[in-house]
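> The sequence isn't on hand, but the structure is:
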C-alpha cells in the first residue's frame, strides 16, 4: 500500500509539472534590461509607432455622416445625415446633391476634408465623419474566441485584435504569431513575436482590412496532452488496484 501511495504522489507531481509554463513565454513585450531595473511608475521605453494610414480603395463600403448648421428648410440632409456609399470602379462615391467625389487613394481624414470642401457649396460649416464598414479581420488558432471581427477603429493593432478575440489561450505560442495579408494579388505571411517589445516598431503592428491572424500552439501542447492522457490512465489503474487491494486485505 505504501508503494501505491508513493506512485500516486509521484504521478500527481508529474501532472502539476507538465501543466506549468515558463513565465518568459507568457509575458508580452519584454525588455530584459528594463525588466532588470524593476522601476515602478516610470517610463521604461518609448517607441515611435509606424501607423499605416489606410488608403480607401474600390469597393470599400463607408458610412458618411454629414452635419451642418444650415437652417432645416435649406438642409437637404436633415432627414438623412448618414449616407452609406460604396466606392465605384473609378474610385468615386455618389453623394446626394453634392454628386460624385473621388476618394480612392485617400486616407479617411483626407477624404473627409475633400467631401467637406465639396459640401461647402451647399451647406454652412459642414462637418464630415467617415466610418469604414468593411474593415474586417480574422483571428484563428489559440485564442479565446476565433472568428471574423469588424474593427470599429481602422487604426487597430495586432495586440488589440487578439484582445478582441478573447486573448491567448494557455497553449498559445506567443513567439510565433502569423499575420496573413493580401498584397498585390498575393497572400503574404509574416511572423510576429509578441514577446518582444520591438514588435511596436514593426510596420505589421497595425492591421489592414481582411488580415488573418494565426496564433499557433506551442510545441509542448501535443506532448503535454499525450503525457496527461497517459498519467490519467495510470492513475485510473492505480486507483482501481488500490480498491482491489483494500477489499482483499479486509
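Looks like it arrived, so ask away. Quantities reported herein were computed from a predicted structural model and do not represent experimental measurements. Numbering: from 1, shown residues only.

> what bits of this structure have low per-residue confidence?
1-45, 47, 49-52, 69-80, 220-232, 234-235, 238-250 (pLDDT under 70).

> just the strands in this structure please.
Here the chain has its strands, by DSSP state E, at 61-67, 82-86, 92-95, 99-102, 127-132, 136-141, 147-150, 172-183, 186-192, 212-217.

> Residue 114 is nearest to which of those?
Closest of the strands of the chain to residue 114 is strand 99-102, at 6.2 Å (criterion: Cβ to Cβ). Placement of C-beta: from N, CA and C, glycine included.

> which other residues reach the closest one?
Residues outside strand 99-102 that contact it (Cβ atoms under 8 Å, 6 or more residues apart in numbering): 90-95, 114-115, 118.

> rewinding a little: need the strands of the chain in TSV (columns: distance to residue 109 and mean neighbour count).
Shown next, in TSV, are the strands of the chain (distance: least, Cβ to Cβ, whole Å; neighbours: other Cβ atoms under 10 Å):
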stretch	distance to residue 109	mean neighbour count
strand 61-67	13	17
strand 82-86	17	14
strand 92-95	16	18
strand 99-102	15	14
strand 127-132	9	18
strand 136-141	21	19
strand 147-150	20	12
strand 172-183	23	18
strand 186-192	26	12
strand 212-217	26	18
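
> can I get those in JSON lines with distance to residue 163?
Below are the strands of the chain laid out as JSON lines (distance: least, Cβ to Cβ, whole Å):
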{"stretch": "strand 61-67", "distance to residue 163": "25"}
{"stretch": "strand 82-86", "distance to residue 163": "29"}
{"stretch": "strand 92-95", "distance to residue 163": "32"}
{"stretch": "strand 99-102", "distance to residue 163": "35"}
{"stretch": "strand 127-132", "distance to residue 163": "20"}
{"stretch": "strand 136-141", "distance to residue 163": "10"}
{"stretch": "strand 147-150", "distance to residue 163": "11"}
{"stretch": "strand 172-183", "distance to residue 163": "13"}
{"stretch": "strand 186-192", "distance to residue 163": "15"}
{"stretch": "strand 212-217", "distance to residue 163": "11"}
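
> For residue 202, find the nearest of those.
Closest to residue 202 of those is strand 186-192 (Cβ to Cβ; 6.9 Å).

> Could you chop this protein up by domain?
Domains of the chain are assigned by automatic domain parsing as 2-21+221-249, 23-52+135-217, 61-132.

> Name all residues that make contact with residue 83.
Residue 83 touches 63-66, 77, 95-96, counting by Cβ under 8 Å, 6+ apart.

> So what pairs up with it in the strands?
Residue 83 has these beta-bridge partners by DSSP bridges: residue 64.

> hmm, back to that, specify which member of the contacts of residue 83 is nearest to residue 192.
residue 63 (30.8 Å).

> The closest one contacts residue 130, doesn't it?
Yes: with contact defined as Cβ atoms under 8 Å, residue 63 counts as touching residue 130 (7.3 Å).

> Right, I'll call it a day here.
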